[in-house]
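Novice: here is my input, please return the structure:
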Amino acid sequence: MPSSPCYTLGLDCSTQTLSLMVINATENELVYFDSVNFETDLSQYGTKAGSVSSEQNPAEVFSFPAMWLEALDLLFAKTAKLFDLKKISAISGSGQQHAGVYLDSSFNERLARLDARKTLAEQISGAFTRTQVPIWMDTSTSAQCEKITQALGQDGVLERSGSIAIERFTGPQIRKFAEHSPQDYERTHLIHLNSSFMCSVLAGQSAPIDHADGAGMNLANIHTWRWDSDLLDATVRGLAQKLPTLAPSDTCVGTIAPYFCEKYGLCPSTKIIAFTGDNPSSLVGTGAVLQGRATISLGTSDTLIYATRAANPMPDRHVLGGPAGGYMTLICFRNGSLARERLKNELGVDWNFFDKTAFENYTPQDDNALCLPFYFDEISPKLRSSTPVFENMDGANSAQKVRTFIEGQFFNMYVQCAQSWEQAPQTIVLTGGASKSGGIARTIANIFGAQVARLKLTDNSAALGAAMRAAHAACAIPMERLVETFCTLEPPLLPNKDITKLYAKKIDAFIRARKRHYGV
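Specialist: Below is the predicted model of the structure:
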């Protein structure tokens, strides 16, 4: 245990925001938090909820690495006015998974000579070979996934990478770029992820990709933790030359770049710990690195994550490296908060109605009403949809539609994950913006038959997880102690056993309806 205070800073570059959190790990305090919203604070990029879609092909969804750089400067400038950044011992972070950053041969030189009198964006943007990059919502690479699968077989891709070939994963996206824009691909010297790119900027040198986030590329071998030569050749020959190294999540990359010391007052000895993906970081920040806990993140997408001792790849889930060792399982659902927002807007109600009023005095009924809640093509399971299906709900009011839609979302989640549990969790920790909804939390508890709780300190578990990982790696504070301190839970909601039994019948009806409408 360190004798002096251990202040660590966690960054989270998610789909919609860049967030910053400071903890004092020796005094057990959450000291500071702030965030930048891409849509409102950097409106010049024209994003909606942090992304833009292609007019020619709505399946193509992009974000802007230059926007992330502008947000980094903006957030550090705000923080430096309110907190003495010289206190920071170490920094780690997380980023939205699967977002690649494509860079030319000038990137490392640009990092080495960053000038504090200029902005990050104006100095680094010239290295981008793609000014807008595909993110996790992009579903435009089905053809590339097919070709990768043909080369190795579905089982071959799954066993090596921990996932079948997935449209949003970075490998298929790289293949599409090489096929559609060969000259720009040829100019690309280095391909980072959002997480390793942001880490590189902080460290002033090209950083490795950590095992957890690297597994979300269909390129890394989850058994050897090396780039898999067969996966690389099935994607683009010669790709290995364009990728950073892989490294464990607790790797110290170096110390903070002089740019941040001169401009924002950080200490030159501040350690930079490898960044990871936002979902692996939330696994740490919710304490789900411990057995018996699982995390449901209710963000732009909904994800369910939990720690596992061994890799056991299955087609309907993803096996990633564990950010605190071992492995983690992730199941992602594209129809998350964006789908809830679409329904809210169509009904003309506000979030208070959606999250609270609609569930007041509600007891689920043994009836035939149900909803297939898919506004968008779904990831888990893979299906095509552009509008939800309400069955046996003629004349339903707004409250009934909200409740049935939410039930449908978590019926779908339960069906997708129940078959893959090593052991059903005793506690589900909710995080993300929609975790504040009592109606949603109660619905999840009753569907899963598990107690549901929220974090006491914060609802940004990814930024918290990053700060905790920095404290563990740089200050040698045991992860168990950090979880005990920073991942305390509010009093849990307990499931109603009778409602759980009723929902089991409805889940059977949901499975039949999903098969009838979508064939899955």
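
Novice: how about the contacts made by the closest residue to Ile91 other than its chain neighbours?
Specialist: Take Ile91 and drop its neighbours on the chain: the residue closest to it by Cβ to Cβ, 6 or more residues apart in numbering is Leu9, 4.6 Å away. (Each C-beta comes from the backbone N, C-alpha and C, glycine too.) Residues near Leu9 by Cβ atoms under 8 Å, 6 or more residues apart in numbering: Leu20, Met21, Val22, Leu85, Ile88, Ala90, Ile91, Ser92, Ala467, Ala470.

Novice: that's a strand at Leu9, yeah?
Specialist: Yes. Inclusion of Leu9 in a strand is indicated when DSSP: H, G, I helix; E, B strand; the rest coil is applied.

Novice: now it: how far from Cys267?
Specialist: In this view, Leu9 and Cys267 are 12 Å apart by Cβ to Cβ, to the nearest Å.

Novice: next, find the distance separating Ile511 from Gln416.
Specialist: 11 Å.

Novice: tell me the bridge partners for the closest residue to Thr17 other than its chain neighbours.
Specialist: If the residues on either side of it in the chain are set aside, Thr17 comes closest to Ser35, at 4.7 Å by Cβ to Cβ, 6+ apart. Beta-bridge partners of Ser35, counted by DSSP bridges, are Ser19.

Novice: span of stretch 108-121 from start to end?
Specialist: Length of stretch 108-121, first residue to last, Cα to Cα, to the nearest Å: 15 Å.

Novice: cool, and stretch 269-278?
Specialist: Counting by Cα to Cα, you get 26 Å between the two ends of stretch 269-278.

Novice: if we can go back for a sec, could you double-check that the residue nearest to Thr17 sits in contact with Met21?
Specialist: No. Counting by Cβ atoms under 8 Å, Ser35 stays clear of Met21, with 9.2 Å between them.

Novice: where in the stretch 351-500 of the chain is pLDDT low?
Specialist: Of all residues in the stretch 351-500 of the chain, those with pLDDT under 70 make up the ranges 420, 422.

Novice: one more time with 80
Specialist: 419-423 (pLDDT under 80).

Novice: circling back to that earlier point, identify the contacts common to Ser35 and Met21.
Specialist: Common contacts of Ser35 and Met21, defined by Cβ under 8 Å, 6+ apart, comprise Asn460.

Novice: quick one on the thing from earlier: just the buried ones from the contacts of Leu9, in ChimeraX syntax?
Specialist: Paste this into ChimeraX to select the buried members of the contacts of Leu9, with burial taken from 16 or more other Cβ atoms under 10 Å:
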select :20,21,22,85,88,90,91,92,467,470
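
Novice: from the contacts of Leu9, which is closest to Gly395?
Specialist: The shortest approach to Gly395 among the contacts of Leu9 belongs to Met21, at 47.0 Å (Cβ to Cβ).

Novice: report pLDDT for that closest one.
Specialist: We have a pLDDT of 98 for Met21.

Novice: so is it in a helix, a strand, or just coil?
Specialist: Of the three states, Met21 takes strand under three-state DSSP.

Novice: my guess is it contacts Ala466. True?
Specialist: Yes. Between Met21 and Ala466 a contact is recorded at 7.4 Å, counting by Cβ under 8 Å.

Novice: so what sits against both of these two?
Specialist: Joint contacts of Met21 and Ala466 (Cβ under 8 Å, 6+ apart) are Gly10, Asp12.

Novice: that's a helix at Ser380, yeah?
Specialist: No. Counting by three-state DSSP, Ser380 falls outside a helix, being coil.

Novice: need the strands for the stretch 251-400 of the chain, in chain order.
Specialist: Counting by DSSP state E, counting those that start in this stretch, the stretch 251-400 of the chain has strands at residues 252-255, 271-273, 276-277, 293-298, 302-308, 318-321, 327-333, 370-372, 389-391.

Novice: just those: most buried one?
Specialist: A comparison of the strands of the stretch 251-400 of the chain by mean neighbour count, using mean count of other Cβ atoms under 10 Å, puts strand 276-277 on top with a mean of 34.

Novice: give me the helices and strands touching it, please.
Specialist: Under the contact criterion of 3 or more Cβ pairs under 8 Å, 6 or more residues apart in numbering; DSSP states H and E, strand 276-277 touches strand 88-95, helix 211-214.
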